[in-house]
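K.L.:
could you look at this predicted model? Sequence included:
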Amino acid sequence: MKGLHGIIFSYERRNDLRELGEIRSASSIPFGGRYRAVDFALSNLVNAGVTDVGVVLHGRYQSMLDHLGTGKAWDLSRKRGGLRVLPPFNYQQDWGVMPFRGKIEALSGIRTYLDTIRQDYVALMDGDLVVNLPLADVYESHIKSGADITVVCGNDSFATDDGTYFEKNSEGRVTEVLFRLHRPRGYRGLEVYLLSTQLLKDLVDECVGRDQFSWRRDILQAKKDSLYLRSYIWEGFAAQIRSVQEYYDRSMQLLDPAIRAELFTPERPIRAKGADKSSTYVGANGRCVNSLVAEGCRIEGTVENSVLFPGVVVEAGAVVRNCVLFKEDIVRAGAQLAYIIADKDVEVLPDRTLMGHATYPIVLAKGSKV
C-alpha cells in the first residue's frame, strides 16, 4: 500500500509496569511466548502493504533498538524508506526538564522527518497495543468516507485508566471525545489514527505555534466540530500493555484457543525475530498442560496454564502453574511457582516456593536469583 506511511510511538508513560518497565519501554515488553508488543504494530502496517515506517523513541530505548535492528524481520530493511528509528526527543528528566507531554510534542520533535514522507496518508499507532488489525480495510474505509481523521475504536473489555472514549452517530461520525471519565461510555479508542500527511503537518505546526502538545485535547476534542472525525469499530481482541496486572491477564487470555486463533490469524501473520533455538523437549516424566511454549525449552517437571518464552528450563520435580516465564529462565528441581512473571535470565533455586495471586502476580526482575 504505497499510499500509507506508518508512525509508531514507543515512549514511556505513567504506567504500573513495575520491574517490567525498569529496563525497557512498554513497546518492547515480550508478549505471547515469542513476540514483543511492537511486533503487532509493525506487522499490522506491513500486512497492509506499508513499506515505510518511523518509530519514535523516548527513554529506556536500548531494548527497542536491539529488537528492531535493521527491520529485516518485518521486510523493512530497504535502501530507500523501510524502517526508520527516530531519535529520542525532549528526554532530559534527570536534568529537571519536563519529559514528553503528548503526541504533538513527539511529532514536533520529528517535524523534519514528516517532510520526507512520500505517501499521502499516515497511520499513527502506539507501540504497546496488542491487536491484529485489518489496517488495509481501515485505510479503504477512510478513503471512501472522505473523513479528515479516522479513529479506530474497540470495546471496553481491555480498558485502562485515563483512556480516550468516542461517541458516534448512526453514520459513524464522532460526536464526542471524552477522557478521564469516572464512568466510561462510548467506544474505547485504540490509539490508532489515519489522516492525510498534509493535514498532520498542518495540525502539528498549528499546535506548536500555540504551545499545545496534546493530541486528544488540542486536536481530537477541540476540533471535533471543525474536522470530520470518523470511527472505525474493531470488535476483536485488543489490549494495551499499561500495567503488570493487565499484562498478566492478557497473557493468560492467550491460553484460550479462540483468542489465540484471532490474534494470530494466518491471513495477517504477526512477524517477529527468530529465536534460533532447537525444538522444545519434554522429558519422559515431564508434563505440559494447556500452556503456550516457545522453541528451545526443556521441560522435565510440570507446567500448567503458563506461557514460556524460548530457552526456559523446568527441571525435574519443579512445578510451574499460571506463570509467564521470559527467555532463558531456569526453574531448578523441586521449586514451585504460581502466578509469577519472571523477566529474562531469572533463576529460581532448588526447592523454593514462590506464590503470587491472579489479582497480584509477583514480578521477578531481570537476572535475579531467588
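P.N.:
That came in fine, so what should we check first?
K.L.:
quick one: residues contacting His67.
P.N.:
For His67, the contact set (Cβ atoms under 8 Å, 6 or more residues apart in numbering) comprises 28, 36, 38, 273. The way it works is simple: take the backbone N, C-alpha and C, and place the C-beta from them, glycine included.
K.L.:
return the closest of those with respect to Val319.
P.N.:
If you rank those by distance to Val319 using Cβ to Cβ, Arg36 comes first, at 28.2 Å.
K.L.:
how many other residues sit next to the closest one?
P.N.:
23 (other Cβ atoms under 10 Å).
K.L.:
hmm, back to that, lowest-confidence one in the contacts of His67?
P.N.:
For the contacts of His67, the weakest pLDDT value sits at Lys273, with 86.
K.L.:
which residue is the nearest non-sequential neighbour of it?
P.N.:
Excluding the flanking residues, the one nearest Lys273 by Cβ to Cβ, 6 or more residues apart in numbering is Ala73, at 4.6 Å.
K.L.:
would you confirm that the one you found contacts Pro269?
P.N.:
No: here Ala73 lies out of contact with Pro269, judged by Cβ atoms under 8 Å, at a distance of 11.7 Å.
K.L.:
neighbour count: those two, which is higher?
P.N.:
Counted by other Cβ under 10 Å, Ala73 and Pro269 do not tie: Ala73 has more neighbours, with 19 against 12.
K.L.:
list the contacts of the more buried one.
P.N.:
271-274.
K.L.:
Gly127 too?
P.N.:
Contacts for Gly127 (Cβ under 8 Å, 6+ apart) come out as 8-10, 25-28, 37-38, 41, 55.
K.L.:
hmm, try it at 10 Å
P.N.:
8-11, 25-29, 36-42, 55-57, 64, 191, 241 (Cβ atoms under 10 Å, 6 or more residues apart in numbering).
K.L.:
repeat that for Thr265.
P.N.:
Contacts of Thr265 by Cβ under 10 Å, 6+ apart are 47, 132, 134, 236.
K.L.:
tell me the phi and psi of the residue nearest to Lys273?
P.N.:
The phi/psi pair for Ala73 (degrees, to the nearest 10) reads phi -60, psi -20.
K.L.:
for the chain, which residues score under the pLDDT cut-off?
P.N.:
Within the chain, the stretches with pLDDT under 70 are 1-2, 12-15, 88-100, 156-162.
K.L.:
that older thread, now do the shared contacts for Ala73 and Pro269.
P.N.:
Joint contacts of Ala73 and Pro269 (Cβ under 10 Å, 6+ apart) are 43, 46.
K.L.:
any residues touching whichever helix in the chain runs longest, and which ones?
P.N.:
The single longest helix within the chain, with elements called by DSSP state H, is helix 197-209. When contacts are defined by Cβ under 10 Å, 6+ apart, helix 197-209 is touched by residues 3-5, 7, 102-108, 110-111, 114-115, 117-122, 124, 148-149, 193, 195-196, 212-215, 218-219, 222-223, 227.
K.L.:
so which elements touch the next helix or strand after that helix?
P.N.:
Next along the chain after helix 197-209, taking DSSP states H and E as the criterion, comes helix 215. Secondary-structure packing of helix 215 (3 or more Cβ pairs under 10 Å, 6 or more residues apart in numbering; DSSP states H and E): helix 103-109, helix 197-209.
K.L.:
returning to that earlier point: which of the contacts of His67 fall within helices?
P.N.:
Among the contacts of His67, the ones falling in helices (DSSP H) are Val38.
K.L.:
can I get the contacts of His67 in CSV with distance to Arg321?
P.N.:
Listed next are those as CSV, based on distance: Cβ to Cβ, whole Å:
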residue, distance to Arg321
Ser28, 27
Arg36, 25
Val38, 29
Lys273, 29
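K.L.:
can you pick the most crowded of the contacts of His67?
P.N.:
Using other Cβ under 10 Å as the neighbour test, the contacts of His67 are led by Val38, with 28 neighbours.
K.L.:
touching, it and Gly6? I think so.
P.N.:
No: checked against Cβ atoms under 10 Å, the pair Val38 and Gly6 is beyond contact range at 11.5 Å.
K.L.:
mutual contacts of these two, please.
P.N.:
The contact lists of Val38 and Gly6 share 55, 125, where a contact means Cβ under 10 Å, 6+ apart.
K.L.:
hmm, Leu337 is touching Asn322, no?
P.N.:
Yes: Leu337 is within contact range of Asn322, at 8.6 Å (criterion: Cβ under 10 Å).
K.L.:
so which residues make contact with stretch 210-218?
P.N.:
If you take Cβ under 10 Å, 6+ apart as the criterion, stretch 210-218 is touched by 9, 90, 98, 100-108, 124, 151, 163-164, 177-179, 189, 191, 193, 203-204, 206-207, 219-222.
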